[in-house]
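Chemist: Sequence unavailable; structure follows:
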């Protein structure tokens, strides 16, 4: 296949894959601008995976005729991606993120708030940069920083951004390379998994109850505000005031009424902005729609709201900013409410599947030691011998579930999952554990291989670079080299993205599958992906250079020509050249951040050691955080509580899956 056609095909695959991924995670009704922005930025980041193997091949492979078209594509492509991602991650995407996160009710007000928030953020960053530059020039650090020209200063700023990206990449990758193998290892133990699910669901349940209470309180707060302003009369008055068919006399009367209303609204005003008649006219409809949306979907949110409730003692809002903050809070809680329900649904399905599999195995005498969560000695399920002797006993003739005595729930037993197929049973009993073991081996080997290469680079040795050197010297061609370069890059990207998808940051940003991720999280993920992608590529270049710089050409003239041209296109974009002399890394024309790049992998090593010894968990435990342990009294208590909660769900739905349709809401029109 032609090289250029091969590159084009890979680029098309990256674009299609990126938009499918965005569609899979984005919430229904997401702003199209968010989807397009995420799709484009994700595509460009993944295209870097395509560019880098071609860049390394045409830079380091000796005796290969330069393909000027490919080099031109790489140079233009790198330049475009470099600047586009930089501008997007620091300007464009943050504007969209703040716009989507704003609680204002109109597009204009949301856009203004987005600009204000970003100006404040960048104003603080600007002040910090000015102070640092002033200190640098005051102590004459220009030689150390190598800030000699405007171009050098520009590269300094750009590379500092990607230095932060490299630190973020190490944080994400270090977490994944230590946490993911442990996670996969424990997935092979179904008994442990059942206990862990029962422990985990309690935190979800408590958060769910908290969010439900907040939605009810905030709903009644909206209701009190509506009642306080006598919203219906004010709306009619506002519409009457601006009716073009009103005669002049009525307009004068209405203006007097409006002026009087303004005076009443501003009586309590000090320095804070209160509602006035015009704002009430603007907000009245959307406030009412906001409450109606909560009220109409109360069943889906599992809350109870009443209109004209006499028990509503909430103090009404009378400030614009308070209403905006309330709207933003309700937006977040509505999303979290449904997403937690979906997570509980998925956890229950996994728990019920594993429990059904283990019960089936015991009945078939395939496993003597049954699941501890189903062991009567631990008291998690009350003694009911008949349930194990006759699977149909206790079920009614219509097979609708067990007959439950409401006065005595001690005889309630687990109902096996009804919709589980024979194929899934075969998968869980025969195939799943071998697949997980193979996956675990890949993670352990890939993680160790990558970590040794990363940290060894400081001392002039890289396993990854040595492998590539062997492949280049044996001349496997562009496609052979392409495969061996892409595998570790994809591994680095995948491990970093895994952490983004699984690690909830600041209690807010979390990637929910099944089309439940909100716009703010999509933009947050896009921003940080833009900042780590070039850092990952540069990290690979540093590892490659350590070994490939030792390639020797027999002819001295060819050797000089080879060494002078041995600069990747990505190094040209970043503004410096990486060299290895006597086993030490040197960066020609590099800034201070280029020098920091040489030694920063040691941070990854220290970070991984901290995670391996579970220091964060130990610190959290000292502050009273409950860390899952099968021997901890707190964990055992929560496992019992979680088991009872799962059993309630199991009895409620009689062994069927929780229907997903109850969690799908109509399009939210209040915030358009």
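Modeler: Arrived safely. The model shown is predicted, which means the values in this text are computed figures rather than measured ones. Numbering: from 1, shown residues only.

Chemist: same for whichever strand or helix holds residue 191, what does it pack against?
Modeler: Under the criterion DSSP states H and E, the helix or strand holding residue 191 is helix 190-228. Helices and strands touching helix 190-228, by 3 or more Cβ pairs under 8 Å, 6 or more residues apart in numbering; DSSP states H and E, are helix 150-187, helix 277-296, helix 320-363, helix 633-652. From N, CA and C alone the C-beta is placed, and that goes for glycine too.

Chemist: of those helices, which approaches residue 489 most closely?
Modeler: Distance to residue 489, taken as Cβ to Cβ, is lowest for helix 150-187 among the helices and strands packed on helix 190-228, at 12.1 Å.

Chemist: Rounded mean pLDDT for that closest one, please.
Modeler: With pLDDT averaged residue by residue, helix 150-187 scores 80.

Chemist: Do you have the strands of this protein handy? List them.
Modeler: If DSSP state E is used as the criterion, the strands of the chain fall at 577-581, 584-588.

Chemist: rank those strands by pLDDT, which is bottom?
Modeler: For these, where the average pLDDT is lowest is strand 584-588, sitting at a mean of 59.

Chemist: What's the local residue count around the residue lying closest to residue 534 once chain neighbours are set aside?
Modeler: For residue 534, ignoring the flanking residues on the chain, the nearest one in space by Cβ to Cβ, 6 or more residues apart in numbering is residue 162 at 5.1 Å. When counting by other Cβ atoms under 10 Å, one arrives at 25 neighbours for residue 162.

Chemist: I'd like to know how far residue 162 sits from residue 494.
Modeler: As judged by Cβ to Cβ, to the nearest Å, residue 162 and residue 494 stand 20 Å apart.

Chemist: same check, this time on residue 221
Modeler: Here the criterion is Cβ to Cβ. By it, residue 221 lies 44 Å from residue 494.

Chemist: just residue 469 next, same as before
Modeler: When distance is defined by Cβ to Cβ, residue 469 is 25 Å away from residue 494.

Chemist: Comparing the two, which residue is more hemmed in?
Modeler: Comparing residue 469 with residue 494 by other Cβ under 10 Å, the one with more neighbours is residue 469, at 19 against 13.

Chemist: hang on, the earlier thing: from residue 169, how far out is the residue nearest to residue 534?
Modeler: Here the distance between residue 162 and residue 169 works out to 10 Å (Cβ to Cβ).

Chemist: Need the overlap of contacts for those two.
Modeler: A shared contact of residue 162 and residue 169, defined by Cβ atoms under 8 Å, 6 or more residues apart in numbering, is any residue touching both; here these are residue 535.

Chemist: ranges for the helices of the stretch 501-650 of the chain?
Modeler: Counting by DSSP state H, counting those that start in this stretch, the stretch 501-650 of the chain has helices at residues 519-548, 556-565, 569-574, 592-599, 601-612, 615-622, 633-652.

Chemist: Sketch out the low-pLDDT regions of the stretch 401-550 of the chain for me.
Modeler: 401-412, 457-458, 460, 503-508, 546-550 (pLDDT under 70).

Chemist: I figured residue 304 hits residue 294, correct?
Modeler: No - under the criterion of Cβ atoms under 8 Å, residue 304 lies out of contact with residue 294, with a separation of 10.9 Å.

Chemist: So for those two, which sits in the more crowded spot?
Modeler: The neighbour count for residue 304 versus residue 294, taken as other Cβ under 10 Å, is higher for residue 294 (23 against 12).

Chemist: On the pLDDT front, check the closest residue to that one other than its chain neighbours for me.
Modeler: Of all residues beyond its chain neighbours, the one nearest residue 294 is residue 219 (4.7 Å), with distances taken as Cβ to Cβ, 6+ apart. We have a pLDDT of 90 for residue 219.

Chemist: Check the contact between residue 219 and residue 291; I expect there is one.
Modeler: Yes - with contact taken as Cβ under 8 Å, residue 219 and residue 291 are classed as touching, separated by 6.3 Å.

Chemist: before we move on, the earlier item: ok and the helix holding residue 191 relative to helix 277-296, angle-wise?
Modeler: 140 degrees (axes from the mean of the first three to the mean of the last three Cα atoms, to 10 degrees).

Chemist: Enumerate the positions of helix 190-228 that are buried.
Modeler: By neighbour count with 16 or more other Cβ atoms under 10 Å, helix 190-228 contains the buried residues 190-202, 204-205, 207-208, 211-212, 214-216, 218-226.

Chemist: who touches residue 97 in this structure?
Modeler: Listed by Cβ under 8 Å, 6+ apart, the contact set of residue 97 reads 519-520, 523-524, 527.

Chemist: and with 10 Å instead?
Modeler: Contact criterion Cβ atoms under 10 Å, 6 or more residues apart in numbering gives 34, 37, 114, 117-118, 519-524, 526-527 as the residues in contact with residue 97.

Chemist: same deal with residue 326?
Modeler: Applying Cβ under 10 Å, 6+ apart to residue 326 gives the contacts 103, 218, 221-222, 225, 287, 290, 317.

Chemist: Closest to residue 465 out of those residues?
Modeler: Nearest to residue 465 out of those is residue 103 (Cβ to Cβ; 50.9 Å).

Chemist: That closest one and residue 602, how far apart?
Modeler: For residue 103, the distance to residue 602 (Cβ to Cβ) stands at 44 Å.

Chemist: who's more crowded, these two?
Modeler: A direct count of neighbours by other Cβ under 10 Å for residue 103 and residue 602 places residue 103 higher, at 19 against 13.

Chemist: what sits against the more buried one?
Modeler: Contacts of residue 103 were listed using Cβ under 10 Å, 6+ apart, and they are 109-110, 113, 321, 323-332, 671.

Chemist: Separate out the buried members of those.
Modeler: Neighbour-count burial (16+ other Cβ under 10 Å) is assigned, among these, to 110, 113, 323-324, 326-328, 330-332, 671.

Chemist: which of the residues you listed has the weakest pLDDT?
Modeler: For the buried ones among the contacts of residue 103, the model is least confident at residue 671; its pLDDT is 50.

Chemist: got the buried residues for stretch 628-648?
Modeler: For stretch 628-648, the neighbour count (16+ other Cβ under 10 Å) marks 635-636, 638-643, 645-647 as buried.

Chemist: Closest one of those to residue 24?
Modeler: Using Cβ to Cβ, residue 646 is the member of those that sits closest to residue 24, with 27.3 Å.

Chemist: correct me, but the closest one touches residue 351?
Modeler: Yes - judged on Cβ atoms under 10 Å, residue 646 makes contact with residue 351 at a distance of 5.3 Å.

Chemist: shared neighbours, those two?
Modeler: Listed contacts common to residue 646 and residue 351 are 194, 197-198, 201, 373; contacts here mean Cβ under 10 Å, 6+ apart.

Chemist: now, which of the residues you listed sits nearest residue 99?
Modeler: Checking the shared contacts of residue 646 and residue 351 against residue 99 by Cβ to Cβ gives residue 201 as the nearest, at 35.0 Å.

Chemist: what's the nearest residue to that closest one if we skip its chain neighbours?
Modeler: Taking Cβ to Cβ, 6+ apart as the measure, residue 201 lies nearest to residue 642, with 4.7 Å between them; neighbours along the chain are not counted.

Chemist: I'd like the distance between the one you found and residue 192.
Modeler: With distances taken as Cβ to Cβ, residue 642 is found 14 Å from residue 192.

Chemist: Ok, residue 212 next?
Modeler: Using Cβ to Cβ, one gets 31 Å for the distance from residue 212 to residue 192.

Chemist: And residue 89, by the same measure?
Modeler: Between residue 89 and residue 192 the distance is 40 Å, computed by Cβ to Cβ.

Chemist: on that earlier part again, could you save the buried ones among the contacts of residue 103 as CSV and add columns showing distance to residue 130?
Modeler: Compiled in CSV, the buried ones among the contacts of residue 103 are given as follows (distance: Cβ to Cβ, whole Å):
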residue, distance to residue 130
110, 30
113, 26
323, 37
324, 32
326, 37
327, 36
328, 32
330, 39
331, 36
332, 35
671, 38
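
Chemist: In terms of distance to residue 618, which of these ranks first?
Modeler: For the buried ones among the contacts of residue 103, the closest approach to residue 618 (Cβ to Cβ) belongs to residue 332, at 31.5 Å.
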